[in-house]
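1. Have a look at this fold, sequence not included:
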Ligand SMILES: Nc1ncnc2c1ncn2[C@@H]1O[C@H](COP(=O)(O)OP(=O)(O)OP(=O)(O)O)[C@@H](O)[C@H]1O
Ligand SMILES: [Mg+2]
């Protein structure tokens, strides 16, 4: 093959020429010269198709003496030619084949005459809907089973708090809580600023500047604080939980846990759920605080309110019940985030792709369930409050 | 085929009877059966994808077979409840193909895990045992390293240290030699032999690395995809000599190039 290497040119300059000669009434000689490679085969295909449609040969002789270089694609091209001739029961032969061509042809065995593979069947709409429904219910059953396991595990940990891996709990509290402080604070502050600014544009027309304070306060504490915090934690930590557990499954670490007698759900999920339950409500309070602070900045600088008035108005509009209900909500959100994150991790397949999919699904499913739960809370609090 | 003479009369520790494994419609093997005797090094060989790892997972109770039974130390693994499984598991160690160390824990913590779970040793004693185990696999002094800071061979040895933490009566190995260079692989062989003579564990290994298995195993079974079961069983050297079936001969002779040193570096 040393010779080919020396004659190699930049891909753009490789060329092949192809010519058909009629020797006798039936027999055709196809002569190739130049380089028949992955860069030139494409250009030949239409001419070959044209040859088969216009000519009606009784025999094929392929003259390859002019070929300087043939690679795998070139060999496949010849195999294709052979196959087509065989299908039409034409005699087929090579002329002037060099060791080079024989070498590469040896690497590409002729394709067996297999029956054409039936094209992949496209499932109809009804079938798709059916499959989707079954998949949804399977998922539902799995999640329910997981909730059962998790409840049992948490129950047994409540009975024996010593069996909880508190070191892990602290670790996850730091990751979800302390490390999340900057982003949660920043987003809440901006949210407060935006809300105050946008509402002030409207309220100023009626001289109702003062109500900006209660508007921001109520919106932050009742809805946006718990919700934004939960969404941020789902994005930061729920996905991390799914990725962590999914990767452990890929590396057989979960199998190893089982063989050592640890119940993986208890070992891996409980610390994460406890950490989330402890941290998310605190983060929510912190988010509420920054949201109000954002509103305060706009109120003081843009609306001529004093700090004192603004805070007094805020405090007057938010009751203790609101704060507690906000904390209760965030507690439920925490369980959803950690639970779904872990559950998706456990059902990740044994591949890197599976881990990626489970991570995405952890975030999407968590946000969806957070919003569903939030709607339920809205109705519940309406009747209680 | 005849079993190793030196094992005759010894009680079986693990009995596999009529086990069939299947994923959906894909039947890996049917009605596979064998017995492993105490103190034996037993090997399951076969080409890639024939179901060796699946068989191993069935034996240690991680997977349920489609049908058939596995007994370990007289307990039915395939039908055992949680409490029974826990007892069996405290008496066995598993070295997974990748080592399966927990990435968030140091080597020391990894090895200490089974000790914490199954024993009531005080913490200083656990430390002492952990150090001894890591020294046994030539990883002394690396207790505080994380698995990610080690090479593949070191991780495998650390996995072995963890599998041996409780000096289990039965040790399972999934591809202990894959991904190791010849020198490390030979070191691991020596180590396994030393553990056997020191602890007297029964060892069951699953591998396609026939040269190493031939050095170590007392008895070997050859799983085959086409046969959907055991193609041959017996002492590896006898098996090689008597290989009549084309597939056995092909598998054995290709994998064990005797008297051909130039193939080593291949
Ligand atoms: N969880 C699973 N779901 C579906 N099929 C599986 C699963 N695990 C394994 N298989 C299939 O079972 C077959 C045997 O897998 P197994 O891992 O037991 O092979 P192996 O003999 O250990 O191979 P190797 O030597 O490559 O590790 C493979 O063909 C694989 O496709
Ligand atoms: Mg395997």
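-> Okay, I see it. Keep in mind that what you see is a predicted model, and the values were worked out from it rather than measured. Ligands and ions are numbered 1, 2, ... in the order given.
2. those strands in the chain, which residues are they?
-> Defaulting to chain A. Ranges of strands in chain A, per DSSP state E, are A:16-22, A:27-36, A:59-70, A:92-95.
3. That was the other one, I meant chain B.
-> B:12-23, B:26-37, B:41-45, B:67-72, B:75-76, B:92-95, B:170-174, B:202-206, B:219-224, B:229-234.
4. Turn those strands into TSV, columns for mean neighbour count.
-> The way it works is simple: take the backbone N, C-alpha and C, and place the C-beta from them, glycine included. Shown next, in TSV, are the strands of chain B (neighbours: other C-beta atoms under 10 Å in any protein chain shown):
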stretch	mean neighbour count
strand B:12-23	18
strand B:26-37	18
strand B:41-45	25
strand B:67-72	19
strand B:75-76	14
strand B:92-95	27
strand B:170-174	24
strand B:202-206	25
strand B:219-224	23
strand B:229-234	19
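5. is it true that residue A:44 touches residue A:80?
-> No: using C-beta atoms under 8 Å, residue A:44 is not in contact with residue A:80, being 10.4 Å away.
6. tally of neighbours for residue B:140?
-> If you count neighbours by other C-beta atoms under 10 Å in any protein chain shown, residue B:140 ends up with 12.
7. residues in the stretch 101-250 of chain A within reach of chain B, list them.
-> A:171, A:248 (C-beta under 8 Å from any C-beta of the partner chain).
8. check contacts around whichever residue of the stretch 101-250 of chain A sits closest to ligand 1.
-> The minimum distance from the stretch 101-250 of chain A to ligand 1, using C-beta to the nearest ligand atom, falls at residue A:249 (10.6 Å). Listed by C-beta atoms under 8 Å, 6 or more residues apart in numbering or on different chains, the contact set of residue A:249 reads A:345, A:346, A:348, A:350.
9. One more pass at 6 Å, please.
-> residue A:348 (C-beta atoms under 6 Å, 6 or more residues apart in numbering or on different chains).
10. With residue A:195 instead?
-> By C-beta under 6 Å, 6+ apart, the neighbours of residue A:195 are residue A:216.
11. Would you quantify the distance from it to residue A:235?
-> 21 Å (C-beta to C-beta, to the nearest Å).
12. before we move on, what about residue B:234?
-> For residue B:234 relative to residue A:235 (C-beta to C-beta), the value is 58 Å.
13. now do residue B:41
-> 51 Å.
14. got it, and residue B:27?
-> Counting by C-beta to C-beta - residue B:27 and residue A:235 are separated by 44 Å.
15. who's in contact with residue 146?
-> Went with chain A since none was named. The contact partners of residue A:146, by C-beta under 6 Å, 6+ apart, come to residue A:343.
16. not quite, I wanted chain B
-> residue B:106.
17. Try it again at 7 Å.
-> B:103, B:106 (C-beta atoms under 7 Å, 6 or more residues apart in numbering or on different chains).
18. Would you list the phi and psi of it?
-> Phi and psi for residue B:146, reported as degrees, to the nearest 10, are phi -90, psi 150.
19. where does the chain have low pLDDT?
-> If you meant another chain, say so; for now it's chain A. A:1-13, A:111-120, A:385 (pLDDT under 70).
20. You answered for a different chain; I wanted chain B.
-> Using pLDDT under 70, chain B drops low at B:1-9, B:243-247, B:252-266.
21. So which bits of it are right by chain A?
-> B:60, B:62, B:86, B:89-90, B:94, B:96-98, B:100, B:102, B:113-114, B:117-118 (C-beta under 7 Å from any C-beta of the partner chain).
22. quick one: residue A:23 and chain B, what's the gap?
-> 48 Å (C-beta to the nearest C-beta, to the nearest Å).
23. Skipping adjacent residues, who's closest to that residue in space?
-> residue A:29 (5.7 Å; C-beta to C-beta, 6 or more residues apart in numbering or on different chains).
24. So which bits of chain B are right by ligand 1?
-> B:23, B:28, B:46, B:48, B:49, B:50, B:51, B:52, B:53, B:54, B:208 (C-beta under 6 Å from any ligand atom).
25. From the residues you listed, pick the one nearest residue B:36.
-> residue B:52 (14.8 Å; C-beta to C-beta).
26. which residues touch the closest one?
-> Contacts of residue B:52 (C-beta under 7 Å, 6+ apart): B:44, B:46, B:206, B:223.
27. rerun at 10 Å
-> B:28-29, B:43-46, B:174-175, B:205-208, B:223 (C-beta atoms under 10 Å, 6 or more residues apart in numbering or on different chains).
28. Give me the distance between the residue nearest to residue A:77 when sequence neighbours are not counted and ligand 1.
-> Nearest residue to residue A:77, sequence neighbours excluded (C-beta to C-beta, 6+ apart): residue A:41, at 5.0 Å. Using C-beta to the nearest ligand atom, to the nearest Å, residue A:41 is found at 35 Å from ligand 1.
29. ok, now residue B:113?
-> Counting by C-beta to the nearest ligand atom - residue B:113 and ligand 1 are separated by 25 Å.
30. State the number of residues packed around that residue.
-> 22.
31. before we move on, what about residue A:297?
-> 15.
32. Please apply the same query to residue B:25.
-> Residue B:25, neighbours per other C-beta under 10 Å, totals 5.
33. and if you look at residue B:208?
-> Neighbour tally, residue B:208, other C-beta under 10 Å: 19.
34. same thing with the one 10 residues further on?
-> The criterion is other C-beta under 10 Å. On that basis, residue B:218 has 19 neighbouring residues.
35. And residue B:175, by the same measure?
-> 21.
36. Please name the residues that touch it.
-> B:48, B:52-53, B:56, B:95-98, B:156, B:205-209.
37. Next: residue A:255.
-> A:248, A:249, A:264, B:57, B:60, B:62, B:63, B:94, B:96, B:97, B:100, B:174.
38. now, which of these sits nearest residue B:198?
-> Closest to residue B:198, out of all of the contacts of residue A:255 and judged by C-beta to C-beta, is residue B:94, at 19.1 Å.
39. Specify the beta-bridge partners of that closest one.
-> Beta bridges link residue B:94 to residue B:172, judged by DSSP bridges.
40. in the chain, which helix has the most residues?
-> The chain I'm using is chain A. The longest helix of chain A (DSSP state H) is helix A:125-159.
41. Chain B is the one I meant
-> Chain B, longest helix under DSSP H: helix B:182-199.
42. Next, the angle strand B:170-174 makes with that helix.
-> Counting by axes from the mean of the first three to the mean of the last three C-alpha atoms, to 10 degrees, helix B:182-199 lies at 170 degrees to strand B:170-174.
43. Give me the buried positions along helix B:182-199.
-> B:184, B:185, B:187, B:188, B:189, B:191, B:192, B:195, B:196 (16 or more other C-beta atoms under 10 Å in any protein chain shown).
44. which residues touch the fifth one?
-> Residues counted as contacts of residue B:189 (C-beta under 10 Å, 6+ apart) are B:176, B:177, B:211, B:212, B:213, B:215, B:216.
45. and the residues you listed as TSV, adding neighbour count?
-> Below are those laid out as TSV (neighbours: other C-beta under 10 Å):
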residue	neighbour count
B:176	29
B:177	22
B:211	16
B:212	22
B:213	24
B:215	16
B:216	24
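46. and the residue nearest to residue A:51 when sequence neighbours are not counted, how many neighbours does it have?
-> Spatially, and ignoring its direct neighbours in sequence, residue A:51 is nearest to residue A:20 (6.2 Å; C-beta to C-beta, 6+ apart). By the criterion of other C-beta under 10 Å, residue A:20 has 14 neighbours.
47. What residue in the stretch 101-250 of chain B comes nearest to chain A?
-> residue B:114 (4.9 Å; C-beta to the nearest C-beta).
48. if I look at that residue, how far off is residue B:144?
-> For residue B:114 relative to residue B:144 (C-beta to C-beta), the value is 19 Å.
49. between these two, who's got more neighbours?
-> Ranked by neighbour count (other C-beta under 10 Å), residue B:114 and residue B:144 place residue B:114 first, with 23 against 10.
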